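1. Have a look at this prediction, sequence included:
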Amino acid sequence: AQSVAQPEDQVNVAEGNPLTVKCTYSVSGNPYLFWYVQYPNRGLQFLLKYITGDNLVKGSYGFEAEFNKSQTSFHLKKPSALVSDSALYFCAVRAPTSGTYKYIFGTGTRLKVLA
Amino acid sequence: DVKVTQSSRYLVKRTGEKVFLECVQDMDHENMFWYRQDPGLGLRLIYFSYDVKMKEKGDIPEGYSVSREKKERFSLILESASTNQTSMYLCATTKPSYEQYFGPGTRLTVT
């Protein structure tokens, strides 16, 4: 079955430290992978994506993600966390279905950056 | 920039009522989606549409239907609202570059 897993419900990190939010996926064919962020009382915002090319992709607000095909992972990273990065993060994959495509989301990881 | 609007931010309905949630996008995108977001369950796909003539069931379509009479408008219908449909409902459209663009959401409470 096609799926996305975010194994951590919550990640705590001290401000200034590097952060990683984990995502693994299972999908038919070549994966199109995405990260979204949801700030309190706001809609989801696109952060970054991997379609093809360089395995390390850079996105908004200093975030980056590394695509690892052998481990079927797409972990979100940031070298130095800010308190303002505290939010809910979702990983998603574009998956083939019934001759078209849909998007499958993970259950989300709440990031808390502590001052 | 893409704009996706949803008819209400907050909605309270009674059990058994027919509920309409409307979504409008202004970018002439073919693809539109309805999700519900619940704590611990992430986003789950209810229905999606790749053009005006095509509607597809998502992963949790039971109790819902959709209407897409115009390209820019995609409506989600709760035929007979139940308390287990209390949730945050998110509408999205997909850019040609594949990422999704979301509306602000409608928080529906069914009492």
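-> That came through fine. Residues are numbered from 1 along each chain as shown, chains lettered A, B, ... in the order given.

2. got the buried residues for stretch B:41-52?
-> The neighbour-count check on stretch B:41-52 (16 or more other C-beta atoms under 10 Å in any protein chain shown) flags B:42, B:43, B:44, B:45, B:46, B:47, B:48, B:49, B:50 as buried. In short, each C-beta sits where N, CA and C put it, glycine included.

3. Would you mind confirming that the last one is in contact with residue B:33?
-> This means residue B:50. No: taking contacts as C-beta atoms under 8 Å, residue B:50 lies outside contact range of residue B:33: 9.8 Å.

4. On the pLDDT front, check the closest residue to residue B:42 other than its chain neighbours for me.
-> Distance criterion C-beta to C-beta, 6 or more residues apart in numbering or on different chains; nearest residue to residue B:42, sequence neighbours excluded, is residue A:107 at 3.9 Å. The model reports residue A:107 with a pLDDT of 96.

5. same check, this time on residue B:1
-> 68.

6. And for residue B:54?
-> On the pLDDT scale, residue B:54 gets 89.

7. That one and residue B:101: what is the separation?
-> 20 Å (C-beta to C-beta, to the nearest Å).

8. for residue A:16, same thing?
-> 32 Å.

9. quick one, which of these two is more surrounded?
-> Legend: neighbour count by other C-beta atoms under 10 Å in any protein chain shown for residue A:16 and residue B:101, higher for residue B:101 (20 against 12).

10. The more buried one against residue A:34, yeah?
-> No: using C-beta under 8 Å, residue B:101 is not in contact with residue A:34, being 11.6 Å away.

11. shared neighbours of the two, which are they?
-> Common contacts of residue B:101 and residue A:34, defined by C-beta atoms under 8 Å, 6 or more residues apart in numbering or on different chains, comprise residue A:46.

12. and the buried residues of stretch B:41-52 as CSV, adding secondary structure, pLDDT and distance to residue A:85?
-> Formatted as CSV, those follow (DSSP: H, G, I helix; E, B strand; the rest coil; pLDDT from 0 to 100; distance: C-beta to C-beta, whole Å):
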residue, secondary structure, pLDDT, distance to residue A:85
B:42, strand, 93, 19
B:43, strand, 95, 20
B:44, strand, 96, 26
B:45, strand, 96, 27
B:46, strand, 97, 30
B:47, strand, 97, 33
B:48, strand, 95, 30
B:49, strand, 94, 34
B:50, strand, 90, 34
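
13. Next, give me the two most distant ones among those residues.
-> Greatest spacing in those, by C-beta to C-beta: B:42 and B:50 (22.5 Å).

14. What strands flank the helix or strand of chain A with the lowest mean pLDDT, and is each parallel or antiparallel?
-> Evaluated with mean pLDDT, DSSP states H and E, the helix-and-strand set of chain A has its lowest mean pLDDT in strand A:100-105, which scores a mean of 92. Next to strand A:100-105 in the sheet, as set by DSSP bridges, lie strand A:87-97 (antiparallel).

15. in the partner strand, what counts as buried?
-> Under 16+ other C-beta under 10 Å, the buried positions of strand A:87-97 are A:87, A:88, A:89, A:90, A:91, A:92, A:93, A:94, A:95, A:97.
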